[in-house]
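In: got a predicted structure here, sequence first:
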There are 2 protein chains.
Amino acid sequence: MSQLRSVPTLDDVARAAGVSTATVSRCLNSPERVVEDTRKRVMSAVEHLGYTPNFGARVMAARRTFTIGAIIPTMENAIFARALQAFQEELHARGYTLLVASSAYQPEIEEEQIRSLVARGADGLLLIGHDRDPAVYDYLKSREIPVLSAWVYLPDTGQPAVGFDNRRSMFALAQQVIDFGHRRIAMISGITKGNDRAAGRVLGLRDALQANGLDPEAMPVIETPYGVENGADALRSLMQADARPTVVMCGNDVLAVGALRGAQDMGLSVPQDVSVTGFDDIELARIVTPQITTVHVPHREMGRKAAIALVDMVEKRSTGDVVELKSTLKIRGSLRDLNG
Amino acid sequence: MSQLRSVPTLDDVARAAGVSTATVSRCLNSPERVVEDTRKRVMSAVEHLGYTPNFGARVMAARRTFTIGAIIPTMENAIFARALQAFQEELHARGYTLLVASSAYQPEIEEEQIRSLVARGADGLLLIGHDRDPAVYDYLKSREIPVLSAWVYLPDTGQPAVGFDNRRSMFALAQQVIDFGHRRIAMISGITKGNDRAAGRVLGLRDALQANGLDPEAMPVIETPYGVENGADALRSLMQADARPTVVMCGNDVLAVGALRGAQDMGLSVPQDVSVTGFDDIELARIVTPQITTVHVPHREMGRKAAIALVDMVEKRSTGDVVELKSTLKIRGSLRDLNG
DNA sequence: TTGTAGGCGTTATCAC
DNA sequence: GTGATAACGCCTACAA
């Protein structure tokens, strides 16, 4: 009776097929090592009993979980959601399952999540950016757990990564802004502490100012957590300065949408009174009016390539490369050409 | 040598603390059953060796994984991301880890994901809606895996759920629209097959027409996958009809934003030429101009309560209740009051 | 090609 | 309060 209700094991299948457990195991894991005839018999027993390998036992015996952990700052930003979706799809195609956690942009939470995923036997880890306590990397190395960073391309670090150059991308956008005749430039950045993507974008903008004979130190920068409201608030305070900027460049599209809204709330029109730029090219950027000039980042491709690279590392086909993806400028209505 | 590099086990801790493995295990799992003195000794050995329990072994011995699986249609819609975030936070607080998968709104993919999560030993499952092959529920019941549905409140099904009444919510919004004097009403719905939330919203609108002496059958309805572009396309085709609707009610905010954009692309102004309504109340709804009239759904609360309810089921403190959350109307600029 | 048997690291049930 | 010890279900040399 109770036998009927309980979940079948390898033993049950073996008995039903009249073979040993080893043969059943082989049928499932390396079918080519079993002759067709017995394999058929075994498989039909598997089918009939509805057998599924016990996860814990498999993990323990094989010493791997076929699980990949990913820790992202937040699920609430579409860019991470989109990349993660592609990451998951690609993992799935390769027989891995995704374990996600979010850190809310807080290093301590991220460390806790890392330990938690490792404790759960993650075979590899995807993290965002490089900027974290080196002890974390030591810990992961001692556990021999491959780590891959996404969202960054900083080859000097030597850490495996699939990403783009935040600094150079922002430089390119800023150069375009300057070419359009803007000189009074302000920035609304995300919090840069512990966030090398945000920091890189600020540096890229400063680089561009410097390269064009403008004073990087003179540029007003407001750092604020990503969020529409925060962008609106920041814009308001920037526009209350004596010398109003002609353009406000934002660390991401969410801030930019907020800035746009903030401007409109003040009765300013974009881009006549002030231009606004973003970063990421989320759907939102094309939905608002005017559409936002931004840097397009290939999020899905990044997710997909990260999955491929990380699985290669886990399966020891690679020790971790540094892959660069290209970002592209999207010049849209929110940026005014002052020459035109 | 190799001993140094390898991950410490219970045995190592036991030896270091001069106790048995059973005592170490107890210290970790039910510390109150161990006297303070030895507990201290054990804990410091744990600390010192950097011991973490082996997940597979623990799962196998305890016969549970402390893992909850969730299958959502897509991570790319902010509503699921937000609810999932809250769900995860609450699970984490209760010592559970979240395993997520997405189905892309396709029943076959969902079934595959369900089996995959079960195979990985999920202690419980969160699904969206009730509408799926009964065989799925039989399967889960035979495995004794608790399932909770979110996003729906349909007490007649008897299935455990934490959600809201999609039909009644849409009815309320439609009543308001009718009270505002609208009579020529059209709808842009998500695909209703296999999606009881979308289907419920269509029914709610039809109910309202009926209740107000209008003909539900006469209402134009376009079904299309959720997406901004699809919303825009659908609006265009609705507005090409002989008798243009005065209001287009959409199955969610993403479609509504698309409809808004579609109208604007046609040179129509909202709400002067046509009103638009949405559903969900995502951030987007307040960012576009005009802001979208919609139904606010407490996504975070739903995620949190679902976590609490599901853990209670897993830990056998409950057999699964049906919890209703309240939605509220948000009347904003995209809906014109024709009486005014 | 197939079977035997040891081991994986915990938890939990007994005695002590 | 603590210590042996038997599962837990699978994988994988090694043997046949």
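Out: Received, thanks.
In: domains in chain A, as residue ranges please.
Out: A:10-53, A:66-164+A:298-325, A:166-297 (automatic domain parsing).
In: in JSON lines, list those domains along with mean neighbour count and mean pLDDT.
Out: No exception for glycine: its C-beta is placed from N, CA and C like everyone else's. Formatted as JSON lines, the domains of chain A follow (neighbours: other Cβ atoms under 10 Å in any protein chain shown; pLDDT from 0 to 100):
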{"stretch": "domain A:10-53", "mean neighbour count": "16", "mean pLDDT": "91"}
{"stretch": "domain A:66-164+A:298-325", "mean neighbour count": "20", "mean pLDDT": "92"}
{"stretch": "domain A:166-297", "mean neighbour count": "21", "mean pLDDT": "97"}
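In: which of those sits closest to DNA strand C?
Out: DNA strand C lies closest to domain A:10-53 among the domains of chain A, at 3.1 Å (Cβ to the nearest atom of the strand).
In: ends of the closest one, what's the gap?
Out: 7 Å (Cα to Cα, to the nearest Å).
In: likewise stretch A:117-135?
Out: Termini of stretch A:117-135 sit 16 Å apart (Cα to Cα).
In: are it and chain B in contact anywhere?
Out: Yes - looking at stretch A:117-135 against chain B by Cβ under 8 Å from any Cβ of the partner chain, the contacts come from A:Val118, A:Ala119, A:Arg120, A:Gly121.
In: who's in contact with the closest residue to the second one other than its chain neighbours?
Out: Spelled out, that is A:Ala119. Among residues not flanking A:Ala119 along the chain, B:Thr52 sits closest, at 4.6 Å (Cβ to Cβ, 6 or more residues apart in numbering or on different chains). By Cβ atoms under 8 Å, 6 or more residues apart in numbering or on different chains, the contact list for B:Thr52 reads A:Arg115, A:Val118, A:Ala119, B:Val7.
In: can I get those in TSV including secondary structure and distance to DNA strand D?
Out: Formatted as TSV, the contacts of B:Thr52 follow (DSSP: H, G, I helix; E, B strand; the rest coil; distance: Cβ to the nearest atom of the strand, whole Å):
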residue	secondary structure	distance to DNA strand D
A:Arg115	helix	24
A:Val118	helix	20
A:Ala119	helix	18
B:Val7	coil	17
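In: dig out what the residue lying closest to A:Pro245 once chain neighbours are set aside forms beta bridges with.
Out: Nearest residue to A:Pro245 in three dimensions, chain neighbours excluded: A:Ala186, at 3.8 Å (Cβ to Cβ, 6+ apart). A:Ala186 has these beta-bridge partners by DSSP bridges: A:Val248.
In: right, and A:Ala186 touches A:Ala243 too?
Out: No - with contact defined as Cβ atoms under 8 Å, A:Ala186 does not count as touching A:Ala243 (9.8 Å).
In: any idea how far the residue nearest to A:Pro245 lies from A:Val274?
Out: 9 Å (Cβ to Cβ, to the nearest Å).
In: show me whatever sits in contact with both of the two.
Out: If you check A:Ala186 and A:Val274 against Cβ under 8 Å, 6+ apart, the residues they both contact are A:Pro245, A:Val247, A:Val248.
In: need phi/psi at the first one.
Out: When quoted as degrees, to the nearest 10, the phi and psi of A:Pro245 stand at phi -70, psi 150.
In: just to revisit the earlier point, can you redo the contacts of B:Thr52 as JSON lines with distance to DNA strand C?
Out: Listed next are the contacts of B:Thr52 as JSON lines, based on distance: Cβ to the nearest atom of the strand, whole Å:
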{"residue": "A:Arg115", "distance to DNA strand C": "14"}
{"residue": "A:Val118", "distance to DNA strand C": "13"}
{"residue": "A:Ala119", "distance to DNA strand C": "10"}
{"residue": "B:Val7", "distance to DNA strand C": "7"}
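In: nearest to B:Pro225, of the residues you listed?
Out: Distance to B:Pro225, by Cβ to Cβ, is smallest for A:Val118 among the contacts of B:Thr52, at 38.4 Å.
In: now the helices for the stretch 201-340 of chain A?
Out: Secondary structure of the stretch 201-340 of chain A, counting by DSSP state H, counting those that start in this stretch: helices at A:228-239, A:253-265, A:284-287, A:299-314.
In: want to throw those into CSV with distance to DNA strand C?
Out: Below are the helices of the stretch 201-340 of chain A laid out as CSV (distance: least, Cβ to the nearest atom of the strand, whole Å):
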stretch, distance to DNA strand C
helix A:228-239, 43
helix A:253-265, 42
helix A:284-287, 45
helix A:299-314, 19
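In: who wins for proximity to B:Ala45 among the ones you listed?
Out: helix A:299-314 (30.9 Å).
In: hmm, stretch A:19-38 in reach of chain B?
Out: No - judged by Cβ under 8 Å from any Cβ, stretch A:19-38 and chain B are separated, with a smallest distance of 11.9 Å.
In: how about that stretch, does it reach DNA strand D?
Out: Yes - contact of stretch A:19-38 with DNA strand D (Cβ under 7 Å from any atom of the strand) involves A:Thr21, A:Ala22, A:Ser25, A:Arg26, A:Leu28, A:Asn29.
In: in TSV: the residues you listed, plus distance to DNA strand C.
Out: Listed next are the residues of stretch A:19-38 next to DNA strand D as TSV, based on distance: Cβ to the nearest atom of the strand, whole Å:
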residue	distance to DNA strand C
A:Thr21	6
A:Ala22	3
A:Ser25	8
A:Arg26	6
A:Leu28	13
A:Asn29	12
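In: contacts for stretch A:218-232?
Out: Everything outside stretch A:218-232 that qualifies as a contact, by Cβ under 8 Å, 6+ apart, is A:77, A:105, A:185-192, A:202, A:205-206, A:209, A:233-234, A:237-238, A:241, A:245, A:250-252, A:254-259, A:261-262, A:265, B:283, B:287.
In: gap between it and the chain center?
Out: A distance of 22 Å separates the centroid of the chain from that of stretch A:218-232, by Cα atoms, centre = their mean, to the nearest Å.
In: straight-line length of it, end to end?
Out: For stretch A:218-232, the end-to-end distance is 22 Å (Cα to Cα).
In: ok, stretch A:95-112 next?
Out: Termini of stretch A:95-112 sit 26 Å apart (Cα to Cα).
In: most proximal residue of the stretch 151-300 of chain A with respect to DNA strand D?
Out: Closest point on the stretch 151-300 of chain A to DNA strand D, by Cβ to the nearest atom of the strand, is A:Pro160, at 25.5 Å.
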